[in-house]
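Undergrad: Structure, please.
(2 chains)
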Amino acid sequence: MNATHTVVLAADDLSVFGQDPWWLVVIKSVLIFAILVVFTLFNIWFERRVVARMQHRVGPNVHGPFGLLQSLADGVKLALKEDIVPKAADKVVFLLAPIMSTVPAFVAFAVIPFGPEVTVPFTDITTPLQLTDMPVGVLFILAVASIGIYGIVLGGWSSGSTYSLLGGLRSSAQMISYEVAMGLSLVAVFLYAGSMSTSEIVAAQERLWFGLILIPSFVIYVISMVGETNRAPFDLPEAEGELVGGFHTEYSSLKFALFFLAEYVNMVTVSALATTLFLGGWRAPWPLSLWDGANEGYWPVLWFFAKVLLFIFMFIWLRGTLPRLRYDQFMKFGWKRLIPVSLVWIVAVATIRAISLEGGIDRTYLLAAIGVVAVLFLVLFFVGGAEEEAAEAEPEDQRHGDFDAFAGGYPVPPMPGKAVQGRTSVSLYESSPTLSKEQS
Amino acid sequence: MTAVQVVFVLLSLVAVVSALLVVTTPHLVHSALWLVVTLGAIAGVFLVLAAEFVAWVQVLIYVGAVVVLLLFALMLTRAPTGPQPDLTVRRWAPAAFVALLVAVLLGATLVAGFQDVRLDLDQAVVGSAEVTGETVFRRWVLPFEVLSVLLLAALVGAIVLSRLRSEDGDD
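TA: Numbering: from 1, shown residues only, chains lettered A, B, ... in the order given. Presented below is the predicted three-dimensional model:
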């Protein structure tokens, strides 16, 4: 812990940004766009190959070396498909939705730092490997990501189909819930870095990555980023067993391709944000950082993409191994576990920060305080778990009682282990207190 | 007029026109979308006034959460894709009157309160997180606390209302 060495709150010095000539800005923007699209094509192939390997299959290996051109072929195929617009669709919004979903995914990358200041080849201009930065860079990413929800909500609604609507509803609830947890997990990083600008946060991790000192924040962020991108095991909005394709059931051709692109770019965006905020951004990992040249020139771009790829692999690994959560379990986990835990953690971090910034307290006290907080965490987790188990156990006891198929006003099939009582339950329904109250 | 002023006026125009469309369009969901445009334009106005932090918070909270929740509620209750002509209200005249009254009230308050305040846009950090935090938690701390108590009361009220109804339903 770097508790004893007092860190001066980093003053936002973003004077290196906004100095680029216009052609450099254009080159940077085009490069970011091109990298993201190519990376998406690569990720789709990577996902299919890794999942195939996990399931003892081969995966796409025909088109190009190792099948690398498979996604390109799929993309061309998608573009040549017929563009179907359902009769019940709201035409304008139906067209707008995929665009609103894709654009924010790309825009968020404007403030992600790929590397330090470098000289542009063939010229003597120095420029940071980042399109731009602002004092509230991370807030900008969160804000832009929250606009991306519209694509899904509106896509679901404007299709004029029940499955799409339900998928859109689910995903909006999911993304709003997990955005809260995500935002809260970032607060600890802001407190330690003393800034919300991405380049300053990377600079603040020169000695120690925030992923190491702020482990709870890191864990919460990683969980909520999977929820935020609608990926397995949190891919409830497109649970194919329940909702066909979810919000994009009615989409076809290039509009569908845009949704697909948005999902994969979003994956890269949240991974890049995780890298920037918790894994030292473009800084070389430990054994490599002993080499002086590791953090200079264009090398950092390599470390950055290696870290991002690590997260992408984790996404794929999760998809390959974990079954999908039930919707109520997922919501309960978000609101009853992640958010309270991150709130407690923020208070703890703020206290520790305030004490260490005030300039003086023994390291032992601090470690003791951290120990107490850790114990509190464990207690919170286990007590919460016990309550929940008790709550879940209750219906177990009721299982042996009568199953009332008409309790909700319309017939439902029994849960496993229950016996249907048939029409006898109707009499129960009729003698329910509401009805008797109304009669009296 | 400087370029900044032109942008400011354009953004204000977008905000006002889309706000009018919010109340006049017969589509329920379209009206929510126009509300997004209004709130986005206001965020743009904040940006022009160099209040970066407030601008992005506006996008994050109002555009990204409040209107999404509004759409969510709308779709849970009813989600027709066609226009609804019965939405056009007959009592538009008193509504317009009340809106005008509120506008005059708020405008008068603003003019009375900030008549002599001039913003130096060349100074880079007019509305950074630091400045915003200092102003809210030092100078305007009392109104801030009053507002938060008001919001808390509204929250408790909403919970009480929904609990009352669900208890009625269970009995």
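Undergrad: Quick test: name the residue nearest the centre of the chain.
TA: Using chain A. Geometric centre of chain A, nearest residue: A:M225, 2.0 Å, by CA atoms, centre = their mean.
Undergrad: should've been chain B
TA: Of all residues in chain B, the one closest to the mean position by CA atoms, centre = their mean is B:L39, 6.0 Å from it.
Undergrad: where in the chain is pLDDT low?
TA: Chain wasn't specified; assuming chain A. Residues of chain A meeting the criterion pLDDT under 70: A:1-16, A:18, A:237, A:239-242, A:245, A:359-367, A:378, A:380-404, A:408, A:416-440.
Undergrad: if you could check chain B rather than the one you did, that'd help
TA: For chain B, the ranges with pLDDT under 70 are B:78-89, B:120-127, B:165-171.
Undergrad: Looking at it, which helix is longest?
TA: Ranked by residue count and defined by DSSP state H, the top helix of chain B is helix B:141-170.
Undergrad: could you say what helices and strands that helix packs with?
TA: Contacts defined by 3 or more CB pairs under 8 Å, 6 or more residues apart in numbering or on different chains; DSSP states H and E place helix B:141-170 against no helix or strand at all. C-beta here means a position set from N, CA and C on the backbone, and glycine is covered the same way.
Undergrad: So the closest residue to chain A within chain B: helix, strand or coil?
TA: Taking CB to the nearest CB, chain A has its nearest neighbour within chain B at B:G64, 2.5 Å off. For B:G64, the assignment made with DSSP: H, G, I helix; E, B strand; the rest coil gives helix.
Undergrad: residues in contact with it?
TA: B:G64 is in contact with A:142-143, A:145-147, A:149, A:179, counting by CB atoms under 8 Å, 6 or more residues apart in numbering or on different chains.
Undergrad: so which of those is the most crowded?
TA: Counting neighbours by other CB atoms under 10 Å in any protein chain shown, A:I149 leads those with 27 neighbours.
Undergrad: who touches it in this structure?
TA: A:171-172, A:175-176, B:64, B:68.
Undergrad: So which bits of chain B are right by chain A?
TA: With CB under 8 Å from any CB of the partner chain as the criterion, chain B comes near chain A at residues B:27, B:29-30, B:33, B:36, B:52-53, B:56-57, B:59-60, B:63-65, B:68-69, B:71-72, B:75-76, B:79, B:81, B:125, B:128-129, B:169, B:171.
Undergrad: Kindly supply the ChimeraX command isolating those of the residues you listed that are buried.
TA: The ChimeraX selection below is limited to those of the residues of chain B next to chain A classed as buried (16 or more other CB atoms under 10 Å in any protein chain shown):
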select /B:27,29,30,33,36,52,53,56,57,59,60,63,64,65,68,71,72,75,79,81,128,129
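Undergrad: Contacts for stretch A:102-110, please.
TA: Counting by CB under 8 Å, 6+ apart, A:32-33, A:36, A:131-132, A:140-141, A:144-145, A:147-148, A:151, A:258-259, A:261-262, A:265-266, A:269, A:272-273 sit against stretch A:102-110.
Undergrad: Show me how the record splits the chain into domains.
TA: Defaulting to chain A. Domain ranges of chain A: A:22-341, A:405-439, per automatic domain parsing.
Undergrad: actually it's chain B I care about, not the one you picked
TA: Taken from automatic domain parsing, chain B resolves into B:3-81+B:92-139, B:140-171.
Undergrad: follow-up on the earlier one: can you list the contacts of A:I149 in CSV and add secondary structure?
TA: Listed next are the contacts of A:I149 as CSV, based on three-state DSSP:
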residue, secondary structure
A:S171, helix
A:S172, helix
A:M175, helix
A:I176, helix
B:G64, helix
B:V68, helix
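Undergrad: which one of these sits closest to A:E117?
TA: Nearest to A:E117, judged by CB to CB, of the contacts of A:I149 is B:G64 at 32.6 Å.
Undergrad: So the closest one versus A:L169, what's the distance?
TA: 17 Å (CB to CB, to the nearest Å).
Undergrad: cool, A:Q205 as well?
TA: From A:Q205 to A:L169 the distance is 39 Å (CB to CB).
Undergrad: what packs against the one helix or strand A:K28 maps to?
TA: Per DSSP states H and E: A:K28 is located in helix A:22-54. Counting contacts by 3+ CB pairs under 8 Å, 6+ apart, helix A:22-54 packs against helix A:70-79, helix A:91-107, helix A:253-278, helix A:299-321.
Undergrad: Mean neighbour count added to those, as JSON lines?
TA: Formatted as JSON lines, the helices and strands packed on helix A:22-54 follow (neighbours: other CB atoms under 10 Å in any protein chain shown):
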{"stretch": "helix A:70-79", "mean neighbour count": "16"}
{"stretch": "helix A:91-107", "mean neighbour count": "20"}
{"stretch": "helix A:253-278", "mean neighbour count": "23"}
{"stretch": "helix A:299-321", "mean neighbour count": "18"}
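Undergrad: mind giving me TSV with those helices and columns for distance to B:V23?
TA: Below are those laid out as TSV (distance: least, CB to CB, whole Å):
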stretch	distance to B:V23
helix A:70-79	40
helix A:91-107	19
helix A:253-278	31
helix A:299-321	44
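Undergrad: Just list the residues touching A:W317, thanks.
TA: Going by CB under 8 Å, 6+ apart, A:W317 touches A:50, A:54.
Undergrad: Name the residues of chain A found near chain B, please.
TA: Checking chain A against chain B by CB under 8 Å from any CB, the hits are A:12, A:88-90, A:93, A:134-136, A:139-140, A:142-147, A:149-150, A:153-154, A:156-158, A:160, A:165, A:168-169, A:172-173, A:176, A:179, A:183, A:196, A:433-434, A:437.
Undergrad: do that again at 6 Å, thanks
TA: Residues of chain A found near chain B (CB under 6 Å from any CB of the partner chain) are A:88, A:90, A:135-136, A:139-140, A:142-143, A:146, A:149, A:153, A:157, A:160, A:165, A:169, A:172, A:433-434.
Undergrad: and B:A55, what does it touch?
TA: By CB atoms under 6 Å, 6 or more residues apart in numbering or on different chains, the residues touching B:A55 are B:43, B:46-47.
Undergrad: can I get the CA coordinates of the helix or strand encompassing it in PDB?
TA: Using DSSP H and E, B:A55 sits within helix B:52-58. These are the backbone C-alpha positions of helix B:52-58, laid out as PDB (Å, rounded to 0.1, in the frame of the first residue of the first chain):
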ATOM      1  CA  GLU B  52     -18.000  20.200 -18.700                       C
ATOM      2  CA  PHE B  53     -18.800  18.300 -15.500                       C
ATOM      3  CA  VAL B  54     -22.400  19.400 -15.300                       C
ATOM      4  CA  ALA B  55     -22.900  18.700 -19.100                       C
ATOM      5  CA  TRP B  56     -21.800  15.100 -18.900                       C
ATOM      6  CA  VAL B  57     -23.600  14.500 -15.600                       C
ATOM      7  CA  GLN B  58     -26.700  15.900 -17.400                       C
END
